[in-house]
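**Student:** here is a sequence with its predicted model. Questions after.
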Amino acid sequence: MNWKKGATGLLFALASVSTAHADVGRNTYDRGNFRSTLDYLRPLANQGDANAQMKLGQMYEEGNGVARNLALAFSWYKKAADQGRAEAQFNIGTMYDQGEGVAVDKNQAIEWYKKAAAQGHSNAQYNLAVMYDTGEGIPQNKAQAFVWYRKAAEQGDIDAQYNVGVMYDQGDGTSKDKSQALVWYLKAADQGKVEAQYNLGIMYRDGEGVGKDGSKALFWFRKAADQGDADAQYNIGAMYADGDGIKQNDPEAIIWFLKAAGQDNVEAEYNLGVMFRDGEGVARNATQAIFWFKRAAEHQYADAANNLGVMYRDGDGVPVDPVKAQEWFRKAKSLGYQGDSDDDQSAPSNTSSIPI
């Protein structure tokens, strides 16, 4: 995952003035009295108060009480950044990165991200990692990407935690270490990261970096599935269909394949065709089998196209139609089907790769 973090605002706090004065500014801002806030902040900002400069930058960036003006936002952020404010340095980095209020300049973005990252700003650390990871504005350097992802991850950044897990999982920018991948996936998964939850399901199912454990695989697949992840839904169905680490249960498999197929998961569509054709977990229904095989074939699944050829050839659920049978057999071959045209392709697949 290589998207970046956006600019951050500042909770209203003016450390360089008295608490009473800070409360005046904060209260007017909270009440939506932006004009009074602006009048209050501008003199402080002109006197060099970095917090006031930061807040003015935010007001101009968001158009709160003033006409939105990214150039002025940049100007005020820059004043605070030059005084060492990490939030402002990060915001200057994002504005150079995205060309907001200033021309795009990836080199400048990197320099400002580095300044903020060195002060422990987790979003800057993450964005810097992305740029090293992708080679955006800087020579690609996976080892440096890993260093900065790790720093952000240690501060609890969920995306960084997931990416650290991926890099340990693949040996990308660091040595391959499945047990460490598991540790970081768990951190991200506990914060609700669906991709991490899914990958944990794969690891527990296959025994990667941890002992095989069907119940834990099911637990994590279910977490991801409940967030709508179609691959996780499919894998739950496959585990029930195969009895893979859990008790075999075809009706339950049907339920999960239907969820995944509702999101156009082609393997779920194919397996539903098999189960309706063979009466596994459901009453045999050749019409439904043809429906699901057609869905899978339309999504370029070669075995489904071949099975349709067999059903039209044999008149299974449809009238015998040699012409349509040959059309589906040719479609299967064009999609890469390697078997004979009458091979029985009835075994549900249970493979799924880890998404990056």
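**Tutor:** Arrived safely, thanks for sending. Residues are numbered from 1 along each chain as shown.

**Student:** which sections of the stretch 101-250 of the chain are below the confidence cut-off?
**Tutor:** Applying pLDDT under 70 to the stretch 101-250 of the chain flags no residue at all.

**Student:** quick one: the helices in it?
**Tutor:** Under the criterion DSSP state H, counting those that start in this stretch, helices of the stretch 101-250 of the chain are mapped to 106-118, 122-134, 142-154, 158-170, 178-190, 194-206, 214-226, 230-242, 250-261.

**Student:** okay, the angle between the last one and helix 214-226?
**Tutor:** In this case it means helix 250-261. Interaxial angle, helix 250-261 versus helix 214-226 (axes from the mean of the first three to the mean of the last three Cα atoms, to 10 degrees): 40 degrees.

**Student:** tell me what the very next helix or strand once past helix 250-261 is packed against?
**Tutor:** Beyond helix 250-261 on the C-terminal side, the first helix or strand identified by DSSP states H and E is helix 266-278. Packed against helix 266-278 by the contact rule (3 or more Cβ pairs under 8 Å, 6 or more residues apart in numbering; DSSP states H and E) you find helix 230-242, helix 250-261, helix 286-298, helix 302-314. For glycine as for every other residue, the C-beta is placed from the backbone atoms N, C-alpha and C.

**Student:** ok so, going back, and the helices of the stretch 101-250 of the chain: which comes nearest Phe74?
**Tutor:** Set against Phe74 and scored by Cβ to Cβ, the helices of the stretch 101-250 of the chain come closest in helix 106-118, at 11.2 Å.

**Student:** contacts for that closest one?
**Tutor:** Residues outside helix 106-118 that contact it (Cβ atoms under 8 Å, 6 or more residues apart in numbering) are 81, 86-87, 89-90, 92-94, 96-97, 123-125, 127-128, 131, 136-138, 148, 151.

**Student:** cool, stretch 123-142 as well?
**Tutor:** Outside of stretch 123-142, the residues within contact range by Cβ under 8 Å, 6+ apart are 2-5, 8, 86, 89-90, 93-94, 97, 106-107, 109-110, 112-117, 144-149, 151-152, 155, 157, 159-160, 163, 167, 172-173.

**Student:** now the terminal residues of it, how far apart.
**Tutor:** Here the two ends of stretch 123-142 are set 18 Å apart, with distance taken as Cα to Cα, to the nearest Å.

**Student:** in it, what counts as buried?
**Tutor:** Residues of stretch 123-142 classed as buried: 123-133, 136-137, 142 (neighbour count, 16 or more other Cβ atoms under 10 Å).

**Student:** follow-up on the earlier one: out of the helices and strands packed on helix 266-278, nearest to Tyr337?
**Tutor:** Between Tyr337 and these, the shortest gap by Cβ to Cβ is with helix 302-314, which sits at 3.9 Å.

**Student:** quick revisit: want to throw the helices of the stretch 101-250 of the chain into CSV with distance to Asn307?
**Tutor:** Conversion of those to CSV gives the following (distance: least, Cβ to Cβ, whole Å):
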stretch, distance to Asn307
helix 106-118, 51
helix 122-134, 41
helix 142-154, 43
helix 158-170, 35
helix 178-190, 36
helix 194-206, 26
helix 214-226, 26
helix 230-242, 17
helix 250-261, 16
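
**Student:** so which of the ones you listed comes closest to Met311?
**Tutor:** Met311 sits nearest to helix 250-261 of all the helices of the stretch 101-250 of the chain, at 18.5 Å, using Cβ to Cβ.

**Student:** and the contacts of that closest one?
**Tutor:** Counting contacts by Cβ under 8 Å, 6+ apart, the residues outside helix 250-261 that touch it are 225, 230-231, 233-234, 236-238, 240-241, 267-269, 271-272, 275, 280-282, 292, 295.

**Student:** switch the cut-off to 6 Å
**Tutor:** Contact with helix 250-261 is made by 230, 233-234, 236-237, 240-241, 268-269, 271-272, 280-282, as judged by Cβ atoms under 6 Å, 6 or more residues apart in numbering.

**Student:** what does stretch 274-287 give?
**Tutor:** Counting by Cβ under 6 Å, 6+ apart, 250-251, 253-254, 288-289, 316-317, 346 sit against stretch 274-287.

**Student:** same check on stretch 148-158?
**Tutor:** Under the criterion Cβ under 6 Å, 6+ apart, external residues in contact with stretch 148-158 comprise 122, 125-126, 128-129, 160-161, 163-164, 188, 191, 193.

**Student:** for Ala71, state which of those is nearest.
**Tutor:** When the contacts of stretch 148-158 are compared for distance to Ala71 (Cβ to Cβ), Leu128 wins out at 24.8 Å.

**Student:** for Gln180, see how far away the closest one is.
**Tutor:** Distance of Leu128 to Gln180, computed by Cβ to Cβ, to the nearest Å: 21 Å.

**Student:** send me stretch 205-223 as CSV with only the CA atoms.
**Tutor:** The C-alpha trace of stretch 205-223 is given here as CSV (Å, rounded to 0.1, in the frame of the first residue of the first chain):
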residue,chain,number,x,y,z
ARG,A,205,-4.1,-21.7,7.3
ASP,A,206,-0.8,-22.6,5.6
GLY,A,207,1.5,-22.7,8.6
GLU,A,208,3.7,-19.8,7.4
GLY,A,209,5.8,-18.4,10.3
VAL,A,210,3.4,-20.2,12.8
GLY,A,211,1.9,-23.6,13.3
LYS,A,212,-1.0,-24.4,11.1
ASP,A,213,-4.2,-23.5,13.0
GLY,A,214,-7.5,-23.8,11.2
SER,A,215,-9.5,-22.1,13.9
LYS,A,216,-7.2,-19.1,14.0
ALA,A,217,-7.2,-18.9,10.2
LEU,A,218,-11.0,-18.9,10.2
PHE,A,219,-11.0,-16.2,13.0
TRP,A,220,-8.9,-13.8,10.9
PHE,A,221,-10.5,-14.6,7.6
ARG,A,222,-13.8,-13.9,9.3
LYS,A,223,-12.6,-10.5,10.6
